[in-house]
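Colleague: predicted coordinates and the sequence they were generated for:
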Amino acid sequence: MNNIEKICVDAIRVLSADAIQKANSGHPGMPLGASPAAYELWTRHMKHNPKNPEWINRDRFILSAGHASAMLYSLLHLFGYGLTIDDLKNFRQENSLTPGHPEYGSTKGVEATTGPLGAGIGMAVGMAMAEKHLAEIFNKPNFPIVDHYTFVMCGDGCLMEGTSAEAFSLAGTLGLSKLIVLYDCNKITIEGSTDLTFTENILQRMAAYGFQTISVEDGNNLEEIGRAIETAKSDKDRPSFIKINTEIGYGSPKHGSASSHGEPLGEENVTALKKFLNYPEEKFFVPEEVYNHIKKFADEGAKVEEEWNKLFADYAEKYPDDKKLWDKYYSEIDAEKLFNDENFWTHENKTQATRAVSGNIINYLKNLLPNLIGGSADLGPSNKTLMKDAGSFGKENYAGRNIHFGVREIAMAAVANGLYLHGGLRPYVGTFFVFSEYMKPLVRIASLMKIPMIYIFTHDSIGVGEDGPTHEPIEQLAMFRSQPNINVFRPADAVETAAGWYLALTSKNTPTALILTRQNLPPVENSGRDALKGAYIISESKKEIPDGILIATGSEVSVAIDAQAELEKENIFVRVVSMPCMELFEQQSDEYKEKILPKNIRARVAVEAGTNFGWGNYVGMDGDTVTMKNFGASAPANVLFKKFGFTKENISEVMKSVIKKISQNN
């Protein structure tokens, strides 16, 4: 590299080291080793405009190894994305724009929240899939309006995580030729050399997945890195994987050591680093020539966007119908119109599984929302997630709207995040509820990023039946309800299922988990759009002040209503409340909550075929639950519901016991 390039690379290194040292917290090792690759990519091979980080046709860059965030922040500062030197000085501090790991939505230029290793890889695959799909839908001869690459930089840890195996396997199968992986191979993890745990031939592994593989022997050689990236771009059939050999902690006295991975270098070692690099010792110093040099590339990015804007304007004039379709893809759903769409809310008045209702809704929505895209982890026929006559996404048809993820729940959740983050698409994904645990880390990331992902979790309880306890979700409802910023919606019938879908489609910042049954459920009289309040009175007591309240969700609502009738035979009059979504109910006014669950009615019983964890908020110290106390069993569903007490007789007895206990204590 020439002198100005060396100074620029070293500026990225030094800014990263200074930020970490000032915070006395962070990971300097990778920034010191990977900065040459990052510099080369961002200056000469990546299409981006710092003046407009949201430009639709920009190349995407995802730092899967999110612990190297200081390097990303240094790049964003130098390229003019809005981060100041003071922001770098505030690294890892409260309310800063430079948190410990990159966070989507808080820092311009950060494409995804990364931290859990491998997660960024899966999200990058999703972005590359989105590019392929949108290009197939919209591009015309001489009008490549969707034409960009997705770059992801990862480390050894990312490749050890199973997420990467699932995501790369899918990417190779799909032939995502505009996905380029830069692997920072420094052979060090927290515990020491990767020889302890990671000795596979990674290039052979990636070739087996269907990737073009390229090796860069010297991670400091910008020309070699540049040639590798251009070689990657030249392959029009396969994604590419570039292995770049680097030295962790390069230039510091801690070079090559595990200690440089996740702890500050120390003041003396930062000074020694600057001396080795022949860089000024002043903290957070950037030579003016560095800003001037990098500005040229940033300005070039602005020109590239300007050229695209002209191309798009010509496209819109020549293809007005496609422009109208484009606008639909990039517009939010009309919530009021959907709310007043009686066809959306009207369903056959018959016994049916909520998963089947959801499938019907998806096939109704596919015509309203052309950008709806999704699929399942090899369970489409069971999850009812398939869109009829919408084609399958793949090498032969990137316009297909049905994604077949294979048995890859972890990658599916990550890919879905990437599909949404790319822009223009409204993804949904599904699996059996019990397997949602594989997805949990990436669902959590969606909640952190405040993106309205849609999850379809079917086979929601012991109603799974004969498959037995391995397939019967018991604690999963409590798991997701404990997570901030997610709406967990378990509908009782077709109307409530439509309400759940309405919630999911109109949400702006919160993911929605639709928890759906395998078994058929009867339509519930009085079910309605009040389900959007999280809880409502679905069957009122015949007594002005009820003797008690039964609170139920999903398949247990109709049984609770049966128990209400059973209690009436003994002149005990209770209210039945359907509570499909605790999170929504908590957002209602105190007046509404008091109306549904009056404080003076202490006799309360919650009925749900899951654990009782979390129900104490609603039944109080005096109430009780009819819930699962242990794992399920293998038997027909009707046998299991009876075995575990989800019958009108048992629910009635529990309610009578609660009323008696309260009476005796008064």
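Modeller: Noted; the coordinates are in hand. Numbering: from 1, shown residues only.
Colleague: tally up the residues packed near the closest residue to residue 354 other than its chain neighbours, please.
Modeller: Spatially, and ignoring its direct neighbours in sequence, residue 354 is nearest to residue 516 (4.2 Å; Cβ to Cβ, 6 or more residues apart in numbering). (Glycine included, C-beta is placed from N, CA and C.) Residue 516: 29 surrounding residues under other Cβ atoms under 10 Å.
Colleague: how's the chain carved up into domains?
Modeller: Annotated domains of the chain cover 3-302, 335-515, 531-665 [automatic domain parsing].
Colleague: in TSV: those domains, plus mean neighbour count and distance to residue 308.
Modeller: As requested, the domains of the chain are exported to TSV (neighbours: other Cβ atoms under 10 Å; distance: least, Cβ to Cβ, whole Å):
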stretch	mean neighbour count	distance to residue 308
domain 3-302	21	5
domain 335-515	21	15
domain 531-665	19	41
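Colleague: among the ones you listed, which is nearest residue 320?
Modeller: Residue 320 sits nearest to domain 3-302 of all the domains of the chain, at 12.4 Å, using Cβ to Cβ.
Colleague: how distant is the closest one from the center of its chain?
Modeller: Distance of domain 3-302 from the chain centroid (Cα atoms, centre = their mean, to the nearest Å) equals 21 Å.
Colleague: quick one on the thing from earlier: state the distance from the residue nearest to residue 354 to residue 366.
Modeller: 18 Å (Cβ to Cβ, to the nearest Å).
Colleague: same deal with residue 282?
Modeller: Distance, residue 282 to residue 366, by Cβ to Cβ: 59 Å.
Colleague: in this protein, where is pLDDT below threshold?
Modeller: In the predicted model, the chain carries pLDDT under 70 at residues 1.
Colleague: quick one, longest helix in it?
Modeller: Secondary structure assigned by DSSP state H gives helix 288-318 as the longest helix of the chain.
Colleague: and residue 613, that one's in a strand?
Modeller: No: per DSSP: H, G, I helix; E, B strand; the rest coil, residue 613 lies outside any strand segment and is coil.
Colleague: now do the same contact list for it.
Modeller: Counting by Cβ atoms under 8 Å, 6 or more residues apart in numbering, residue 613 touches 475, 478.
Colleague: for it, grab phi and psi.
Modeller: phi -60, psi 120 (degrees, to the nearest 10).
Colleague: so who does residue 418 touch?
Modeller: When contacts are counted by Cβ under 8 Å, 6+ apart, residue 418 touches 112, 122, 123, 124, 125, 126, 127, 128, 129, 130.
Colleague: quick one: which of those residues sit in helices?
Modeller: The helices, defined by DSSP H, take in 122, 123, 124, 125, 126, 127, 128, 129, 130 from these.
Colleague: before we move on, the earlier item: pick the one among the contacts of residue 418 closest to residue 394.
Modeller: Of all those, residue 394 sits closest to residue 129, with 10.2 Å by Cβ to Cβ.
Colleague: so residue 127 versus residue 609, what's the distance?
Modeller: Between residue 127 and residue 609 the distance is 38 Å, computed by Cβ to Cβ.
Colleague: and what of residue 560?
Modeller: Noted for residue 560: a distance of 12 Å to residue 609, by Cβ to Cβ.
Colleague: before we move on, the earlier item: could you dump the ones in helices among the contacts of residue 418 to JSON lines with distance to residue 341?
Modeller: Listed next are the ones in helices among the contacts of residue 418 as JSON lines, based on distance: Cβ to Cβ, whole Å:
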{"residue": "122", "distance to residue 341": "34"}
{"residue": "123", "distance to residue 341": "33"}
{"residue": "124", "distance to residue 341": "36"}
{"residue": "125", "distance to residue 341": "34"}
{"residue": "126", "distance to residue 341": "29"}
{"residue": "127", "distance to residue 341": "32"}
{"residue": "128", "distance to residue 341": "34"}
{"residue": "129", "distance to residue 341": "30"}
{"residue": "130", "distance to residue 341": "27"}
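Colleague: which of those residues lies closest to residue 161?
Modeller: Within these, the smallest distance to residue 161 is 9.6 Å, found for residue 122 (Cβ to Cβ).
Colleague: and residue 503, what does it touch?
Modeller: Contacts for residue 503 (Cβ under 8 Å, 6+ apart) come out as 487, 489, 512, 532, 581, 584.
Colleague: let's see which of these end up in strands.
Modeller: The strands, defined by DSSP state E, take in 487, 489, 512 from the contacts of residue 503.
Colleague: if we can go back for a sec, make a markdown table from the domains of the chain and add distance to residue 317 to it.
Modeller: Below are the domains of the chain laid out as a markdown table (distance: least, Cβ to Cβ, whole Å):
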| stretch | distance to residue 317 |
| --- | --- |
| domain 3-302 | 11 |
| domain 335-515 | 21 |
| domain 531-665 | 42 |
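Colleague: quick one: which of those domains is nearest residue 321?
Modeller: domain 3-302 (11.2 Å).
Colleague: span of that closest one from start to end?
Modeller: Its first and final residues considered, domain 3-302 spans 26 Å by Cα to Cα, to the nearest Å.
Colleague: and which of the contacts of residue 418 is nearest residue 160?
Modeller: So of the contacts of residue 418, ranked by how close each gets to residue 160 (Cβ to Cβ), first place is residue 122, at 14.3 Å.
Colleague: give the contact list for the closest one.
Modeller: Per Cβ under 8 Å, 6+ apart, neighbours of residue 122: 163, 164, 166, 167, 410, 411, 413, 414, 415, 417, 418, 442.
Colleague: quick check: the residue nearest to residue 665 when sequence neighbours are not counted vs residue 556, distance?
Modeller: The shortest distance from residue 665 to any non-neighbouring residue, by Cβ to Cβ, 6+ apart, is to residue 622 (7.9 Å). For residue 622, the distance to residue 556 (Cβ to Cβ) stands at 21 Å.
Colleague: next one: residue 268
Modeller: Distance of residue 268 to residue 556, computed by Cβ to Cβ: 65 Å.
Colleague: also residue 342?
Modeller: The value you get for residue 342 to residue 556, if Cβ to Cβ is used, is 28 Å.
Colleague: same question for residue 425.
Modeller: The gap separating residue 425 from residue 556 is 35 Å, by Cβ to Cβ.
Colleague: now residue 367
Modeller: 34 Å.
Colleague: same thing with residue 5?
Modeller: 66 Å.
Colleague: ok, residue 423 next?
Modeller: Counting by Cβ to Cβ, the gap from residue 423 to residue 556 is 40 Å.
Colleague: look at residue 572 and tell me its secondary structure.
Modeller: State at residue 572, reduced to three classes by three-state DSSP: coil.
Colleague: isn't it right up against residue 550?
Modeller: No: using Cβ atoms under 8 Å, residue 572 makes no contact with residue 550, being 11.0 Å away.
Colleague: could you name every residue contacting both of those two?
Modeller: Taking Cβ under 8 Å, 6+ apart as the criterion, residue 572 and residue 550 both touch residue 655.
Colleague: which stretches of the stretch 301-450 of the chain form strands?
Modeller: Under the criterion DSSP state E, counting those that start in this stretch, strands of the stretch 301-450 of the chain are mapped to 372-376, 402-404, 426-432.
Colleague: ditto for the stretch 551-666 of the chain
Modeller: Assigned by DSSP E, counting those that start in this stretch, the stretch 551-666 of the chain shows strands spanning 574-578, 604-607, 624-626.
Colleague: tabulate those (CSV), appending distance to residue 313.
Modeller: Shown next, in CSV, are the strands of the stretch 551-666 of the chain (distance: least, Cβ to Cβ, whole Å):
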stretch, distance to residue 313
strand 574-578, 51
strand 604-607, 58
strand 624-626, 61
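Colleague: for those, which one sits closest to residue 475?
Modeller: Here strand 624-626 is closest among the strands of the stretch 551-666 of the chain (Cβ to Cβ), at 13.9 Å.
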